[in-house]
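>>> Got a predicted structure here, sequence first:
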Amino acid sequence: MTSSAAPPPAGPSGGAPSAGTDKGLKGGALGLFASAVIGLASTAPAYSLAATLGVIVAIVGVQSPVVIILAFIPMFLIAYGYKGLNQVDPDCGTTFTWASRAFGPHTGWLGGWGIVAADIIVMANLAQIAGQYGFELVGAEGLAKSTLWTMVAGVVWIALMTWICYIGIEVSANLQKVLLTVEVAMLLVLAVTALVKVYSGTAPGSSLHIAWSWFDPTQIRSLDAFTTGILTTVFIYWGWDSCVSVNEETADRTRTPGRAAVASTVILLCVYLLVTTSAQSFAGVKTTGIGLANPENSSDVLSHLGNEIFGSGAGGQALTKLLILMVLTSAAASTQTTILPTARTTLSMATFKALPANFARIHPRFLTPTWSTVGMGLASIVFFVLLSRVSENLLADSIGSVGLMIAFYYGLTGFACVWYFRKVLLSSARTLWTKGIMPGLGGVMLLYFFVYACVVYAAPDYGSTSWTLPFPPHWQLGGVFVTGLGGLILGAVLMLIYRVLSPAFFRKEIIAVSAHEKDEEKRS
């Protein structure tokens with residue numbers, strides 16, 4: 001593995017690079033379409049729907065379409081925060097860099113850690129799904145049910161996707177275009193076929209005609225169901241920020257990534273709303289049979305629906321196999337696009353001396369992060385193997401805990417946007433809305449979900465595992481809460497350790513005030 005670590009250009013702090021400086025990545029490699037594809041692929045639309053649609057319906061019933069819409073709101077608002085910050089500070093560290101400027105190095109470091117930790121945790125689940133669906137695709141049902149063999153296949157998937165990310169951003173983007181095309185096309189075929197059968201009278205007896213009440217949030221049975229439903233649904237939108245993390249490799253880096261982020265969230269809303277509404281219309285919401293609330297189908301709604309929607313004929317079986325392939329490619333695509341932002345976050349952190357310098361190395365030919373990319377792949381493999389060998393229940397709870405980290409670093413970005421632009425918010429109505437009210441409101445909403453999730457997840461009967469504190473008062477806590485909050489606490493401990501080893505960043509000697517802020521201070 002050949003790599004180089006050419007020193008970055010000096011910044012205003014006397015030798016340290018300033019945000020948005022050239023880190024050696026391949027600039028101008030991505031356009032608006034490629035950036036949006038990366039944002040969409042990172043959310044894994046097919047896999048996300050397969051894994052969470054049943055859970056959402058079990059919580060809110062026929063109101064699942066309106067919950068899809070409501071969960072979109074904080075994502076859309078935060079996307080505008082990303083867009084505003086990227087316009088003035090297009091750094092691949094995103095939340096890490098922006099929060100460091102707004103609130104100081106310690107907050108910024110934790111924001112960067114939130115991205116890294118969330119991505120490593122979710123990689124374990126994506127690898128498991130990729131391994132399982134890979135075997136199902138070739139009819140190896142026995143291997144698909146084997147923990148050992150799905151683990152082996154998942155490790156191979158992570159290694160393969162890491163290699164693709166290593167050899168170039170353009171290769172990664174071109175592969176994503178192919179995978180995402182298959183994914184979205186199959187979701188549209190599934191949705192249209194389901195609706196045609198419902199309104200032609202050939203759907204099962206449990207089918208329902210679409211009603212306006214499905215889009216009425218006041219029909220949700222309780223505030224608890226309302227909040228839990230949105231909290232669960234927010235997860236399926238997560239990942240669009242990947243298109244901003246590759247901003248330094250994008251043409252027109254101050255505008256394109258932000259536009260791609262906003263476009264990605266809107267496209268996701270359309271896809272999710274269509275598939276959710278059509279699936280609910282076809283299968284209904286009963287807890288038996290093909291009903292979406294049937295707990296036996298909740299972990300894989302789409303493959304069960306595929307058999308019913310496409311039928312048992314030769315053509316139907318072929319489409320069902322293609323549906324399985326779609327979920328497989330969805331997980332694989334998301335595996336790849338999860339490596340991309342994490343590698344670039346650690347690259348930026350190392351460039352600003354918040355991590356060891358080796359993580360700032362760039363390959364001289366591929367112009368991709370070397371240690372950061374390979375390190376992300378290895379960390380994901382170790383975490384996946386460890387949890388797979390210890391307990392499948394622990395693995396399941398670790399995935400649930402990702403929601404806490406998503407709410408943490410997305411919300412932090414929203415607040416950072418408001419504080420960063422605080423001196424110019426009243427300069428125009430547009431600035432006030434897009435850089436103040438919208439990201440601030442998104443941050444408040446995600447803060448509420450974070451606190452609420454902590455309360456819900458802390459219940460010992462929530463999730464598949466529970467832990468008892470080894471010290472008085474020996475409280476018993478849910479495994480999802482322990483994993484999520486424990487992951488953030490681990491980040492704080494690592495930050496304190498690294499502050500001792502390399503204090504320059506934490507003394508505010510590295511990340512300086514940007515030229516934008518200096519100009520605004522002069523005008524004020």
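Now that the structure is in, tell me what you want to look at.

>>> I figured Thr265 hits Trp240, correct?
Yes - using CB atoms under 8 Å, Thr265 is in contact with Trp240, at 5.5 Å. For the C-beta atoms, the positions are set from N, CA and C on the backbone; glycine is no exception.

>>> Now for these two: what residues contact both?
Common neighbours of Thr265 and Trp240, counting by CB atoms under 8 Å, 6 or more residues apart in numbering, are 75, 79.

>>> and the two? which has more neighbours close in?
Taking other CB atoms under 10 Å, Thr265 and Trp240 do not tie; Trp240 has more neighbours (28 against 25).

>>> So what does the more buried one have for phi and psi?
Phi and psi for Trp240, reported as degrees, to the nearest 10, are phi -60, psi -20.

>>> ranges for the strands of the protein?
Using DSSP state E, the strands found in the chain span residues 466-468, 476-478.

>>> Count the residues that sit near Thr431.
Thr431: 14 surrounding residues under other CB under 10 Å.

>>> Surely it touches Leu425?
Yes - counting by CB under 8 Å, Thr431 touches Leu425, with 5.9 Å between them.

>>> So which residues of the stretch 251-400 of the chain form helices?
Ranges of helices within the stretch 251-400 of the chain are 256-283, 301-310, 314-351, 371-390, 392-400, based on DSSP state H, counting those that start in this stretch.

>>> tell me which strands and helices the second one is in contact with?
Just to be clear, that refers to helix 301-310. On a contact count with 3 or more CB pairs under 8 Å, 6 or more residues apart in numbering; DSSP states H and E, helix 301-310 meets helix 45-60, helix 169-199, helix 256-283, helix 314-351.

>>> Which secondary structure elements does the shortest one sit against?
In terms of contacts (3+ CB pairs under 8 Å, 6+ apart), helix 45-60 is packed against helix 64-88, helix 105-137, helix 169-199, helix 223-237, helix 256-283, helix 301-310, helix 314-351.

>>> who wins for proximity to Val155 among those helices?
helix 105-137 (6.9 Å; CB to CB).

>>> What angle do helix 223-237 and that closest one make with each other?
Note on geometry: by axes from the mean of the first three to the mean of the last three CA atoms, to 10 degrees, helix 105-137 and helix 223-237 are set 80 degrees apart in direction.

>>> could you give the mean pLDDT of helix 105-137?
Averaged across helix 105-137, the pLDDT comes to 89.

>>> do stretch 416-431 as well
For stretch 416-431, mean pLDDT rounds to 95.

>>> Pull the residues that contact it.
Contacts of stretch 416-431 (CB under 8 Å, 6+ apart): 80-82, 84-85, 88, 95, 98-99, 101-103, 111, 432, 435-436, 439-440, 443, 517, 520-521, 524.

>>> Try it again at 7 Å.
Here stretch 416-431 makes contact (CB atoms under 7 Å, 6 or more residues apart in numbering) with 81, 84-85, 98-99, 101-103, 432, 435-436, 439-440, 520, 524.

>>> What is the end-to-end distance of it?
This stretch, stretch 416-431, spans 15 Å end to end (CA to CA, to the nearest Å).

>>> Next one: Val234 relative to Met405, how far apart?
Per CB to CB, to the nearest Å, Val234 is found 12 Å from Met405.

>>> One more: Ser428?
For Ser428 relative to Met405 (CB to CB), the value is 34 Å.

>>> between these two, which one's more packed in?
Neighbour tally, Ser428 and Met405, criterion other CB under 10 Å: the higher count belongs to Met405, 26 against 11.

>>> what about the nearest residue to the more buried one once chain neighbours are set aside, how many neighbours?
Counting by CB to CB, 6 or more residues apart in numbering, Met405 lies nearest to Ala118, which is 3.9 Å off, once chain neighbours are set aside. Applying other CB under 10 Å, we find 26 other residues in the vicinity of Ala118.

>>> Would you mind listing the residues in contact with Ala118?
So Ala118 contacts 402, 405-406 (CB under 7 Å, 6+ apart).

>>> again with Tyr452
227, 231.

>>> quick one: it from Thr181, how far?
Per CB to CB, Tyr452 is found 37 Å from Thr181.

>>> what does Leu223 give?
40 Å.

>>> quick one: which of those two has more around it?
Thr181 (12 against 8).

>>> Next, the contact list for the more buried one, please.
For Thr181, no residue meets the contact criterion (CB under 7 Å, 6+ apart).

>>> Of all the helices and strands packed on helix 45-60, which one is nearest Ala36?
Using CB to CB, these put helix 256-283 closest to Ala36, at 4.3 Å.

>>> distance between the closest one and the chain's centre?
In terms of CA atoms, centre = their mean, to the nearest Å, the centre of helix 256-283 is found 15 Å from the chain centre.

>>> Which of the residues in it are classified as buried?
Under the neighbour-count criterion of 16 or more other CB atoms under 10 Å, helix 256-283 has 256-265, 267-269, 271-283 buried.

>>> For it, name the packing helices and strands.
Contacts defined by 3 or more CB pairs under 7 Å, 6 or more residues apart in numbering; DSSP states H and E place helix 256-283 against helix 32-43, helix 45-60, helix 64-88, helix 169-199, helix 223-237, helix 242-245, helix 301-310.

>>> mind checking how far the shortest one is from the chain centre?
Taking CA atoms, centre = their mean, one finds the center of helix 242-245 at 11 Å from the center of the full chain.

>>> what do you get for stretch 266-284?
With CA atoms, centre = their mean as the basis, stretch 266-284 stands 20 Å off its chain's centre.

>>> swap in stretch 447-465?
Taking mean C-alpha positions (CA atoms, centre = their mean), stretch 447-465 and its chain are 19 Å apart.

>>> With stretch 135-150 instead?
Mean-position distance between stretch 135-150 and its chain equals 26 Å (CA atoms, centre = their mean).

>>> that older thread, tell me which of the helices and strands packed on helix 45-60 sits nearest to Phe215.
The closest of the helices and strands packed on helix 45-60 to Phe215 is helix 64-88. By CB to CB, the value is 4.7 Å.
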